[in-house]
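S.K.: fold the following for me, if possible:
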Amino acid sequence: MRPLAELAAARDCLDTTPVLTTINNMKLAAVILLSAVLAGCAIAPADHNGKDAPRTASIVPLKAQRPVIGLVLGAGGARGFAHVGVIKALEAAGVEADVVVGASSGALVASFYAAGMKARTLEAMALELEDSDIFDFTLFGPGRVEGARLQHFVNRTLDGRAIERLHKPFAAVATARDSGHMAVFNRGNTGIAVRASASVPRFFWPVMIHGQSYVDGGVASRVPAALAREMGADVVIAVDISRRPADEADAADVVIRPQTVRSRMNDFRHRQANIAAGEAAALAVIGHIRTRIATAAVNKARAGGANVPCTRGAPGAPATAAALRPRAAAC
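M.R.: Prediction:
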């Protein structure tokens, strides 16, 4: 029996379980260390400094005999689905913007609208959008989301068109991280510009453009209504989806404030409710918008030397610029 006991003792002495456990732990540590080393190359945002990088060009105001209409879509995360509802209501009423400005999630919707997308297309896209389409979560870096996926989503949807090649004049607002000053991107790569505009601090990585770091446009201005005026708008319609009203929205002629559902930035569960909220809020002020456009038409005609005795338009007429041109007949 003694040899058997000695064999059993020898087996116990040669038990490899602790050794294998140690080796496995070392392998796991090595994998984590290697991942961290490899990720170190991508922790710092890449600098977009090519000739197609977003840039600020001198703003040349749009000129037209009819009133120029500006649409400003403000910052607000997932509440930005309300912008689609606003565009839906404006389109149904015959109101079409000539110049478009966007901040943060508003820049995303604004870029598509500026590209010529109609409300039906925008709504279909919004209802089909998955968070994985625009959020690329990462374990490393200065934020939870890198942002490249959002950039590629925009450029893919727009067939790679630069800002200056869109159907309407468009500006995406971002914030210079060092100074806090507002930056206006109205030329260059649309996807990068929108990405910079929507890079919420600590959630998205900041975006480097020509050596300058940029974050969410809403940090500098949640509703940059004055910018649309600089771009030539006679009538500025601003959409404020902030939790607290943005003071800068008051520079607009008409401010639309939808009663949106509060949610986290990447929570799309309330998209339909927010689209409906945007539509309802816009419909409630359509009459006011028509009045402002009609007044602008009168002012333009008078400035041009036309004899305009009154501003009354045909009852129920659509709020298109042509329909709202002042009539020569007396009221």
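
S.K.: count the residues that sit near the nearest residue to residue 209 once chain neighbours are set aside.
M.R.: Nearest-residue entry for residue 209: residue 48, 4.9 Å, with adjacent residues in sequence omitted and distances by CB to CB, 6 or more residues apart in numbering. To be clear about C-beta, it is placed using only N, CA and C from the backbone, and glycine gets the same treatment. By the other CB atoms under 10 Å criterion, the neighbourhood of residue 48 contains 21 residues.

S.K.: list the contacts of residue 48.
M.R.: Contact partners of residue 48, counting by CB atoms under 8 Å, 6 or more residues apart in numbering, are 54, 189, 192, 207-210.

S.K.: buried only: go through the residues you listed for me.
M.R.: Of all the contacts of residue 48 considered here, the ones buried according to neighbour count by 16 or more other CB atoms under 10 Å are 54, 189, 192, 207-209.

S.K.: from these, pick the one nearest residue 44.
M.R.: Of all the buried ones among the contacts of residue 48, the one sitting nearest residue 44 is residue 208; the distance, using CB to CB, is 8.2 Å.

S.K.: just to be sure, the closest one is in a strand?
M.R.: Yes. The assignment for residue 208, made by DSSP: H, G, I helix; E, B strand; the rest coil, places it in a strand.

S.K.: does it touch residue 46 like I think?
M.R.: Yes. In terms of CB atoms under 8 Å, residue 208 counts as a neighbour of residue 46; the distance is 6.5 Å.

S.K.: quick check: neighbours shared by these two?
M.R.: Contact criterion CB under 8 Å, 6+ apart; residues shared by residue 208 and residue 46: none found.

S.K.: for the stretch 51-200 of the chain, give me the ranges with low pLDDT.
M.R.: Residues of the stretch 51-200 of the chain that meet the criterion pLDDT under 70 are absent altogether.

S.K.: what about the helices in it?
M.R.: Chain-ordered helices for the stretch 51-200 of the chain, with DSSP state H, counting those that start in this stretch as the definition, fall at 81-92, 105-114, 119-128, 131-134, 148-157, 190-197.

S.K.: identify all contacting residues around the second one.
M.R.: Contacting residues not belonging to helix 105-114 are listed as 71-80, 83-84, 87, 97, 100-102, 121-122, 125, 134, 150, 154, 157-158, 166-170, 172-173, 190, 193-194, 197-198, 217, 239, 241 [CB under 8 Å, 6+ apart].

S.K.: equivalent analysis for the longest one, please.
M.R.: Contacts with helix 81-92, where a contact means CB under 8 Å, 6+ apart, come from 71, 73, 76, 96-97, 105-106, 109-110, 113, 118-119, 122-123, 126, 237, 239, 241, 256, 258, 260, 268, 270-272, 274-283, 286, 289.

S.K.: export it to CSV, keeping only CA atoms.
M.R.: As requested, C-alpha coordinates have been extracted for helix 81-92 and formatted as CSV (Å, rounded to 0.1, in the frame of the first residue of the first chain):
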residue,chain,number,x,y,z
PHE,A,81,-35.8,64.2,-33.2
ALA,A,82,-38.2,67.1,-32.6
HIS,A,83,-36.5,69.0,-35.4
VAL,A,84,-37.8,66.5,-37.9
GLY,A,85,-41.4,67.2,-36.7
VAL,A,86,-40.8,71.0,-37.1
ILE,A,87,-39.6,70.5,-40.7
LYS,A,88,-42.6,68.3,-41.4
ALA,A,89,-45.0,71.0,-40.3
LEU,A,90,-43.2,73.8,-42.1
GLU,A,91,-43.1,71.8,-45.3
ALA,A,92,-46.8,71.0,-45.1
